[in-house]
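Visitor: Kindly return the folded structure for what I paste below:
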Amino acid sequence: MSLFRTLARLASVAAVAATFSGGAFAEEPVKAGFLYIGPTGDHGWTYSHDVGRKAVEAKFGDKVKTTFVENVPETADAERVIRDLATKGHKVIFATSFGYMNAMDKVAKQFPKTVFMHATGYKTSKNLGIYDVRTYEGAYMLGVVAGKMSKSGKLGVVGSIAIPEVVRNINAFTIGARSVNPKATTKVIWVNAWFDPGKEREAAMTLISQGADVLMQNTDSPAVVQAAQEKGVYAFGWDSDMSKFGGKAQLAASVLNWGVIYNEQVEKVMKGEWKTTDIWYGVKDGAVNIEAFGPATPADVKKLAEERRDALKAGKLHPFTGPLKDNTGKELVATGKTMADADLRKMSVYVEGVEGSIPK
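Guide: Alright, predicted model coming up:
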């Protein structure tokens, strides 16, 4: 073979190699799917998860392709959407609401090579992991502010659905308030929905009419903050900063950073290092923080809340450390003891200071 023909052949091989490495045969991006209970514009739970999804895109660029489906009800529709994402080649699927658990567990068995991650649940398997943020730490910090700012000592919470996660947040909020005002009490109105601005507003208005002058919500819209602004009482951003909906009313916000979890888990999937996981990140992990203090919040109250945050971060403070009683007077946590995560996850009683009983 002549030198000319040899060189030409080598050049052709190099061209093909370049095509494989930089063209149509380049490595495909990892596909990550997200299932949302509400709209991305709810400014609450779903909004915060979508901020986390965008953090994945920002970190990994063209190495990842994300997809989300919003407003998926916790019904058979969830199973259909999860299966559809798996069928379309998503390597990891995140389901972001408690009611998706059984559907995700079922589909995970049918797609053993896909990684499934369920938020706030408790079922795991070889390719199904669970993850959560310690939202109760945010609720506790808001409670400290509420206890300092309430003139009546009457606090109100607009509750979504009576599952342990929400009961835990209501309790932590009350514990935080009573740590600075032992006479503070909390009244809860349940709307039986995660996102229903009309019902959330109605519940807020009812609590205000009953004397509550500081409100917290475990629902997803800014309706409670808007109602508080209208009636001249205080409220908090929940899951995100909601001050643009009530700048005079918002005392602070409990802000979630799901990106800490999503970036970590997507990277493990990309590297082939993912294993069944049970994540529950909090203040010390950068997953929850108290932010966006409003103009009505005095400097000393802000300082106190930040001191409590720093204590949580350092592991020197846990909201559910005894002595704690339930609201019937029964001992819940003994003096010097701290409630274990396993018990926190199945919390089904109100602590002292919360009025009424939990709906069945």
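
Visitor: can we go C-alpha only for contacts and neighbour counts from here?
Guide: Noted.

Visitor: Which residue ranges of the chain form helices?
Guide: In the chain, the helices defined using DSSP state H lie at 3-22, 45-60, 76-87, 101-110, 135-149, 164-178, 197-209, 223-231, 259-271, 299-314, 341-344.

Visitor: which one of those lies closest to Val288?
Guide: Nearest to Val288 among the helices of the chain is helix 135-149 (6.4 Å), distances taken as CA to CA.

Visitor: Just the buried positions in that closest one, please.
Guide: Neighbour counts over helix 135-149 (16 or more other CA atoms under 10 Å) mark 135-149 as buried.

Visitor: domain ranges for this structure?
Guide: As assigned by automatic domain parsing, the chain contains the domains 30-134+258-285, 135-255+288-344.

Visitor: so can I have a markdown table of the helices of the chain showing distance to Thr335?
Guide: Formatted as a markdown table, the helices of the chain follow (distance: least, CA to CA, whole Å):
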| stretch | distance to Thr335 |
| --- | --- |
| helix 3-22 | 63 |
| helix 45-60 | 34 |
| helix 76-87 | 44 |
| helix 101-110 | 35 |
| helix 135-149 | 19 |
| helix 164-178 | 15 |
| helix 197-209 | 33 |
| helix 223-231 | 36 |
| helix 259-271 | 33 |
| helix 299-314 | 19 |
| helix 341-344 | 16 |
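
Visitor: ok, of those helices, where does mean pLDDT dip lowest?
Guide: Here the helices of the chain differ in mean pLDDT, and the lowest is helix 3-22 at a mean of 41.

Visitor: picking that back up, and the domains of the chain: which comes nearest Glu355?
Guide: Comparison of the domains of the chain against Glu355 by CA to CA identifies domain 135-255+288-344 as nearest, at 5.4 Å.

Visitor: and that closest one, how far apart are its ends?
Guide: Using CA to CA, to the nearest Å, one end of domain 135-255+288-344 lies 12 Å from the other.

Visitor: Just the closest of the buried residues of helix 135-149 to Val283, please.
Guide: Proximity of these to Val283 was ranked by CA to CA; the top entry is Glu137 with 7.2 Å.

Visitor: Contact partners for the closest one?
Guide: Neighbour list for Glu137: 172, 282-283, 288, 312, 319 [criterion: CA atoms under 8 Å, 6 or more residues apart in numbering].
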